[in-house]
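S.K.: Structure of the sequence below:
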Amino acid sequence: MEMNSNQTSPVLTDPAPVNNSRLSTYSGLLPYPQAGAAFPSGKYVKIPRKKPGKLDDVRSNGWLDAMKSSSPPRKKLIKDFTVEITSDDTDAAHRSWMLKYPSALHSFNQITDYAKNKKIAMFLDYDGTLSPIVDDPDRALMSNDMRSAVRNVAKYFPTAIISGRSRDKVYELVGLAELHYAGSHGMDIMGPVNHLAADDHSNNCIIRSTDQLGKEVNLFQPAREFIPMIDEVFRTLVENTKGIQGSKVENHKFCASVHYRNVDEKIWPTIAQLVHDILKSYPRLRLTHGRKVLEVRPMIDWNKGKAVEFLLDSLGLSKSDDVLPIYIGDDKTDEDAFKVLREKCGGYGILVSPVPKETNAFYSLKDPSEVMKFLESLVRWKSKQEED
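M.R.: As a prediction, the model looks like this:
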């Protein structure tokens, strides 16, 4: 398919690094400069359903490679037998990686030694962290034991869930009213009303609301103006993927996602090109990827790292030297939060992964079961501290 030279290709990379000033996160929300006009008035551009072209776009920019590597397989099929990959080289690489990113369980005493006389603030991803990664996102349910562990953590530490899902959906899945919730990769935050920056009504990104318990809260939604555009892209994606077996499209209010986990790998280039073609008409949207999912997001300077900064400010913890933020997550989108904790907030990022990955985290955990053990250990440690 030939690209019109007047069209703008969708942005396929992450935005520029976060600004060094925490408080600037609330004012620096303008979209990145793009070729093309701003939102058209009245009707948005309608995208007719069409077959992708030669797939040159997604192949030349490495997008297919990123899709294939977004959730690396731990097993491979040889003839009719499934075997574990346990070569000496693989084992040596994993040992080397664990030296660089040691287990948060094995390093628990080191973490708590540093946490003494500090106030811990806990930030948690949902999928792959509190719940297992499953074929159907609607069945990614956290166990009752995990829910109990998170509830107990929230009794001792300010605790927030920061998810790519919509805020309403992740609250429905977690079901704990005592937590703070940030959905759509931090573009929809429900936070406390107890800080000057968060209480600034001159900022039209913030509106006053009430939570599930009737308590007054602030809703921070820096991408609110994009909702009609995301809705339109969502409907177009649903229409254009309805013939692709195994695909699933979700509307997370401030972003839309296309899951391809259950799609035949031979069809992945078709899905990638389809999404790429749709976004050519939306220069203010960008494309990112997670675990077997393509995500369409507004082109604003906002991510999970800035969501952590905003919540720390809202909780009145951003200007204190005796705060230890801890963020646990498993996906590429969590790297922004890991980076902020490493470079600006003096906190610890913990990557959940059974395989080696490049990361900005300090520590690692293998899977949600280890996340639960870590949370339970943290509660026991704090409880004992208070008893002493």
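S.K.: where are the low-confidence patches of the stretch 51-200 of the chain?
M.R.: Low-confidence segments of the stretch 51-200 of the chain (pLDDT under 70): 51-64, 68-88, 194-200.
S.K.: Run through the strands of it in chain order.
M.R.: Along the stretch 51-200 of the chain, counting by DSSP state E, counting those that start in this stretch, strands occupy 75-78, 81-84, 119-124, 159-162, 180-183, 188-192.
S.K.: Just tell me which of those ends up closest to Ile267.
M.R.: Evaluated over those, closeness to Ile267 peaks at strand 75-78, with 18.6 Å, by C-beta to C-beta. C-beta: built from backbone N, CA, C; applies to glycine.
S.K.: low pLDDT regions in the stretch 201-350 of the chain?
M.R.: For the stretch 201-350 of the chain, applying pLDDT under 70 flags the ranges 201-204, 212-213.
S.K.: all helices of this structure, in order?
M.R.: Listed in chain order, the helices of the chain (DSSP state H) span 56-60, 63-69, 88-100, 108-115, 144-156, 167-174, 227-241, 268-279, 304-314, 335-340, 368-387.
S.K.: would you turn these into a markdown table with mean neighbour count and distance to Ser247?
M.R.: A markdown table is the format used below for the helices of the chain (neighbours: other C-beta atoms under 10 Å; distance: least, C-beta to C-beta, whole Å):
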| stretch | mean neighbour count | distance to Ser247 |
| --- | --- | --- |
| helix 56-60 | 16 | 16 |
| helix 63-69 | 16 | 13 |
| helix 88-100 | 11 | 32 |
| helix 108-115 | 14 | 41 |
| helix 144-156 | 17 | 29 |
| helix 167-174 | 19 | 19 |
| helix 227-241 | 19 | 5 |
| helix 268-279 | 22 | 6 |
| helix 304-314 | 27 | 25 |
| helix 335-340 | 24 | 26 |
| helix 368-387 | 17 | 26 |
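S.K.: Could you dump the ones you listed into a markdown table with distance to Glu295 added?
M.R.: Formatted as a markdown table, the helices of the chain follow (distance: least, C-beta to C-beta, whole Å):
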| stretch | distance to Glu295 |
| --- | --- |
| helix 56-60 | 15 |
| helix 63-69 | 12 |
| helix 88-100 | 26 |
| helix 108-115 | 31 |
| helix 144-156 | 25 |
| helix 167-174 | 15 |
| helix 227-241 | 11 |
| helix 268-279 | 10 |
| helix 304-314 | 12 |
| helix 335-340 | 13 |
| helix 368-387 | 21 |
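S.K.: between these, which one is nearest to Val355?
M.R.: That would be helix 88-100 among the helices of the chain, by C-beta to C-beta, at 7.6 Å.
S.K.: ok, residues contacting the closest one?
M.R.: Here helix 88-100 makes contact (C-beta atoms under 8 Å, 6 or more residues apart in numbering) with Val355, Pro356, Ser364.
S.K.: What residues does the second one make contact with?
M.R.: So the one you mean is Pro356. By C-beta under 8 Å, 6+ apart, the neighbours of Pro356 are Ala93, His94, Trp97.
S.K.: Surely Ile206 and Val217 touch.
M.R.: No. Contact status for Ile206 versus Val217: not in contact, 10.4 Å apart, counting by C-beta atoms under 8 Å.
S.K.: From the contacts of helix 88-100, pick the one nearest His106.
M.R.: Nearest member of the contacts of helix 88-100 to His106, counting by C-beta to C-beta, is Ser364, at 9.8 Å.
S.K.: so the closest one bridges to which residues?
M.R.: Ser103, Leu351 (DSSP bridges).
S.K.: Surely it touches Gly349?
M.R.: No. Ser364 is beyond contact range of Gly349, at 9.6 Å (criterion: C-beta under 8 Å).
S.K.: Now render the strands of the stretch 51-200 of the chain as CSV, adding distance to Ala223 and mean neighbour count.
M.R.: CSV is the format used below for those (distance: least, C-beta to C-beta, whole Å; neighbours: other C-beta atoms under 10 Å):
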stretch, distance to Ala223, mean neighbour count
strand 75-78, 39, 9
strand 81-84, 43, 8
strand 119-124, 20, 22
strand 159-162, 15, 26
strand 180-183, 11, 25
strand 188-192, 8, 24
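S.K.: Quick one: closest of the ones you listed to Val340.
M.R.: Among these, strand 119-124 sits nearest to Val340 (C-beta to C-beta), with 10.2 Å.
S.K.: Packing partners of that closest one?
M.R.: Packed against strand 119-124, as judged by 3 or more C-beta pairs under 8 Å, 6 or more residues apart in numbering; DSSP states H and E, are the following elements: helix 144-156, strand 159-162, helix 304-314, strand 323-329, helix 368-387.
S.K.: So for Cys345, which of these sits nearest?
M.R.: Nearest to Cys345 among the helices and strands packed on strand 119-124 is strand 323-329 (5.1 Å), distances taken as C-beta to C-beta.
S.K.: Burial check on Glu265, number of neighbours?
M.R.: Residues near Glu265, counting by other C-beta atoms under 10 Å, number 10.
S.K.: how close does it sit to Asp168?
M.R.: 33 Å (C-beta to C-beta, to the nearest Å).
S.K.: Also Lys382?
M.R.: According to C-beta to C-beta, Lys382 stands 30 Å off from Asp168.
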